[in-house]
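Novice: No sequence on hand, only this structure:
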């Protein structure tokens, strides 16, 4: 599960059951949630009970799943419950406890698999003539341009610019509405309410260091939240979300009719055009084209790698092509990035010391100073590591898969974390100090209890005192203990 | 400070699920399906199988599917369409394709192949629609090409298995890690790679069988099965017909570690069998208990007359199986002169002598050993 599906799942899990019922009415939404949000075992479970006429007994499930995989099973079940995909049927007089798919989800997923119905949730293709040059490479270039504009806007706010090419290329940044969204989502901040200069926040770094798909979702979720907060704008966030899932199931390079969309969904299109998810020809507002950013919204990670390969292939010959997965990290702290994109170089410059730059290649190394500088700017080591992992070169993935070793050299990963810890010699934990126990026995028992519930932070057996960051459970425990042996 | 500890390593694993390739072999023997028509018509079975295929593809974008028909006289590709037929369909449906003849399998899911099924509906996921169109049209032409005159009752499964294995091999090459390490100082030798390799593609074969195994194909089938076992590709088998038992496929499932199920008792429940028993791929099967077979038909076919036999003769050199002693007692496969011992010699009728019952002190009589000659008694 990647970072962005975690964000998305957090967003989804906070929605109410009612919202889910509405969301699952649309087959493409149920389908997208199924393929994107669920772990593998959960998918298998859903499929197994999808065509089952009767509820599935928990006892049967226990027989089916190997005892060693109990943890995975419990995890799968809890995710399925959180997303309102299964409901539990409690034990009754003549039935054992069982589970079943929720009605809307079941019907929608069945429709998605079988086809049929008249829900039009996989997009109505347009029959209008399409001009010849509106092909996939064009859409890729268009989407990349839009998205890079947004990223440049964020990167430029860092304050350190890399070379003179940057300023020349970001002549026209993203639309004002997108800027407002970025500011509203606190990815970037204005120094003062009136000043035009902005600077990046820690959330902004997180955003910048994600893979493209995760960035798209981050922005879309911000958009959804903004729409939710601003309820009188006439946008329904459930409808918006299901429209996004619909977009994800469309086919790249095909035109779709805007007439078949509802009024509110048609109103969403301009914003999606600003994000680069959708292209609408200037002379013809009756049709729209989803771009690769939209059609890969619900793709899994390994296919995203091939998507970025498609991006690369599509933009061949374009000088500033942005290779997404181009970083090779060696155990000697050297970094090679096969890219000539000023954007990616600027991001790398945030935490590496770049030494040399060739056509299509920059090389540099991670040093203590460069990592510390990044940490001082508010970037965490986790962000750096996840950036390196998501942008690792295909060759690194293959070698890691072949030799069963971690993707990034562990020595580097450890060192980056240690360098960050260097800057954090002291951590403050608010909490409570327990001391002056009546007896050693009492101290031992209370301390063991604190350890068991996971609130013990520090202890000194000789002095008979310990420190815990939460006190409620310990209080109850001590009270009960007093009662038992006064 | 306890956090800084050399024993705790932070490892960044390459996450994401391994793509899975399902190769489906559908037995399309017309006779066998005609026999099943009452409980499960062919059209309904195909509809069920399509839902199953869609369910497999729904697991992730990079899941792939390949479908073969094992017909009574040949094996036919249903999806991805074979190159020749591919071009023909492209021209019939608008002809906006550039006429390239790639097998639309390895990366045809990016929408290229979907375009040819021009009648895409708004109610169907585009990829599903394209596969359905391809399968239905391939099946149609297969049925129309089949002559009603010569229809054997068995199916050429071996050919389909071999084709499937070739396809899987070709596909897995696309996912294979590099042969040599890029690091010249630390080359990965072939031996270590195979020892520690995790598969980059979960491939499996599912055979949906309705007819008997053809004994004439025993050797070909078994060669394919052992090749699959060597490549760690499980062959799952679902037997539909109550009248037939696919002996060799049953063995194939056992040898390759696949699942064998027979839904002969209730063929109309085909979809439930497929979804429950055969949808879990190798990744899910590590967590689940797979349906197992209680008894396996281990009978083999003889090399001389292609008969399925219970007991027979086995060449001690090459392990060929014969139902009767080959001519001149020479192995038909390797030509070794086989020593038959006294086998086949007419038993000499021995007149059993009447024995005088002796009573020796302390002995209450000889135990009945069943042998013709008694234990020599002291005289």
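Specialist: Thanks, I have the structure now. Being a predicted model, the structure only gives us computed values, none of them experimental.
Novice: Please parse chain B into its domains.
Specialist: B:20-176+B:199-297, B:299-345 (automatic domain parsing).
Novice: what is the mean pLDDT for the helix or strand residue A:144 falls within?
Specialist: Following DSSP states H and E, one finds residue A:144 within helix A:136-156. Averaged over helix A:136-156, pLDDT sits at 81.
Novice: quick one: low-confidence ranges for the stretch 201-350 of chain A?
Specialist: Low-confidence segments of the stretch 201-350 of chain A (pLDDT under 70): A:231-235, A:299-325.
Novice: Run through the strands of it in chain order.
Specialist: Remark: strands assigned in the stretch 201-350 of chain A by DSSP state E, counting those that start in this stretch are A:256-257, A:278-279, A:287-290, A:327-329, A:334-337.
Novice: Please convert the ones you listed to a markdown table, extending it with distance to chain B.
Specialist: For every residue, glycine as well, the C-beta is placed using N, CA and C. Formatted as a markdown table, those follow (distance: least, C-beta to the nearest C-beta, whole Å):
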| stretch | distance to chain B |
| --- | --- |
| strand A:256-257 | 9 |
| strand A:278-279 | 16 |
| strand A:287-290 | 11 |
| strand A:327-329 | 9 |
| strand A:334-337 | 11 |
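Novice: With mean neighbour count as extra columns, can I get these in TSV?
Specialist: What follows is the strands of the stretch 201-350 of chain A, written out as TSV (neighbours: other C-beta atoms under 10 Å in any protein chain shown):
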stretch	mean neighbour count
strand A:256-257	19
strand A:278-279	24
strand A:287-290	24
strand A:327-329	22
strand A:334-337	20
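Novice: one step back: considering the domains of chain B, which stretch scores lowest in mean pLDDT?
Specialist: domain B:20-176+B:199-297 (a mean of 78).
Novice: And what about residue B:26, helix, strand or coil?
Specialist: The three-state assignment at residue B:26 reads strand, by DSSP: H, G, I helix; E, B strand; the rest coil.
Novice: low-confidence ranges in the stretch 1-150 of chain A?
Specialist: For the stretch 1-150 of chain A (pLDDT under 70), the answer is A:1-6, A:119, A:132.
Novice: what about 50?
Specialist: A:1-4 (pLDDT under 50).
Novice: who in it is up against chain B?
Specialist: A:1-2, A:27-28, A:31, A:34-35, A:40-41, A:43-44, A:47-48, A:50-52, A:63-66, A:68-69, A:72-73, A:111-125 (C-beta under 8 Å from any C-beta of the partner chain).
Novice: Out of those, list just those in helices.
Specialist: A:27-28, A:31, A:34-35, A:40-41, A:43-44, A:47-48, A:50, A:63-64, A:72-73, A:111-114 (DSSP state H).
Novice: Can I have the buried ones of those residues as a PyMOL selection?
Specialist: The buried residues among those can be selected in PyMOL (16 or more other C-beta atoms under 10 Å in any protein chain shown) with this line:
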select buried, chain A and resi 27+28+31+34+35+40+41+43+44+47+48+50+64+72+73+111+112+113+114
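Novice: picking up where we left off before, what's the most buried one of the domains of chain B?
Specialist: Among the domains of chain B, ranked by average contacts under mean count of other C-beta atoms under 10 Å in any protein chain shown, first place goes to domain B:20-176+B:199-297 (a mean of 19).
Novice: how long is that domain end to end?
Specialist: 29 Å (C-alpha to C-alpha, to the nearest Å).
Novice: that older thread, and residue B:228, which of the strands of the stretch 201-350 of chain A is closest to it?
Specialist: Smallest distance to residue B:228 across the strands of the stretch 201-350 of chain A (C-beta to C-beta): 36.5 Å, for strand A:327-329.
Novice: And the contacts of the closest one?
Specialist: A:335-338, A:348, A:388, A:391-393, A:395-396, A:408-409, A:412 (C-beta atoms under 8 Å, 6 or more residues apart in numbering or on different chains).
Novice: ok, so of those residues, who is nearest chain B?
Specialist: Taking C-beta to the nearest C-beta as the measure, chain B lies nearest residue A:408 of the contacts of strand A:327-329, at 4.6 Å.
Novice: a strand runs through that closest one, doesn't it?
Specialist: No - the assignment for residue A:408 (three-state DSSP) gives coil, which keeps it out of a strand.
Novice: who's in contact with it?
Specialist: Contacts of residue A:408 (C-beta under 8 Å, 6+ apart): A:329, A:385, A:388-389, A:392, A:396, B:12.
Novice: Determine which two of those residues are furthest apart.
Specialist: So, the contacts of residue A:408 by C-beta to C-beta: farthest apart are A:385 and A:396, at 13.5 Å.
Novice: Compare the two (neighbour count), which wins?
Specialist: Neighbours were counted for residue A:385 and for residue A:396 using other C-beta atoms under 10 Å in any protein chain shown; residue A:396 has more, 22 against 19.
Novice: so which of the contacts of residue A:408 comes closest to residue B:224?
Specialist: residue A:396 (36.2 Å).
Novice: Now the host helix or strand of that closest one: buried residues?
Specialist: Following DSSP H and E, one finds residue A:396 within helix A:394-403. Of all the residues in helix A:394-403, those buried under the rule 16+ other C-beta under 10 Å are A:396-403.
Novice: and it, does that touch chain B?
Specialist: Yes - using C-beta under 8 Å from any C-beta, helix A:394-403 reaches chain B at A:395, A:397-403.
Novice: Using neighbour counts, pick out the buried residues of stretch A:126-142.
Specialist: Under 16+ other C-beta under 10 Å, the buried positions of stretch A:126-142 are A:126, A:130, A:136-142.
Novice: do stretch A:145-153 as well
Specialist: A:146-153.
Novice: now the domains of chain B as CSV including distance to residue A:378?
Specialist: Shown next, in CSV, are these (distance: least, C-beta to C-beta, whole Å):
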stretch, distance to residue A:378
domain B:20-176+B:199-297, 35
domain B:299-345, 71
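Novice: Which among those domains is found nearest to chain A?
Specialist: Using C-beta to the nearest C-beta, the nearest of the domains of chain B to chain A is domain B:20-176+B:199-297, at 3.5 Å.
Novice: returning to what we had before: which one among the buried residues of stretch A:126-142 gets closest to residue A:455?
Specialist: Using C-beta to C-beta, the buried residues of stretch A:126-142 come closest to residue A:455 at residue A:140, 52.1 Å.
Novice: right, and that closest one touches residue A:292 too?
Specialist: Yes - taking contacts as C-beta atoms under 8 Å, residue A:140 lies within contact range of residue A:292: 5.7 Å.
Novice: average pLDDT across the helix holding residue A:396?
Specialist: So the average pLDDT for helix A:394-403 ends up being 82.
Novice: name the helices or strands packed onto it?
Specialist: Under the contact definition 3 or more C-beta pairs under 8 Å, 6 or more residues apart in numbering or on different chains; DSSP states H and E, helix A:394-403 sits against helix A:301-314, strand A:327-329, helix B:190-196.
Novice: Please state the offset of the shortest one from the chain centre?
Specialist: Pointing back at strand A:327-329 there. 22 Å (C-alpha atoms, centre = their mean, to the nearest Å).
Novice: ok, residue A:273 - contacts?
Specialist: Contacts of residue A:273 (C-beta under 8 Å, 6+ apart): A:279-280.
Novice: cool, and residue A:78?
Specialist: By C-beta under 8 Å, 6+ apart, residue A:78 has no neighbours at all.
Novice: neighbouring contacts of stretch B:148-161?
Specialist: With C-beta under 8 Å, 6+ apart, stretch B:148-161 has contacts from B:25, B:27-32, B:68-75, B:205, B:207, B:209-214, B:217, B:220-221, B:223-225, B:228, B:235, B:246, B:248-249, B:252.
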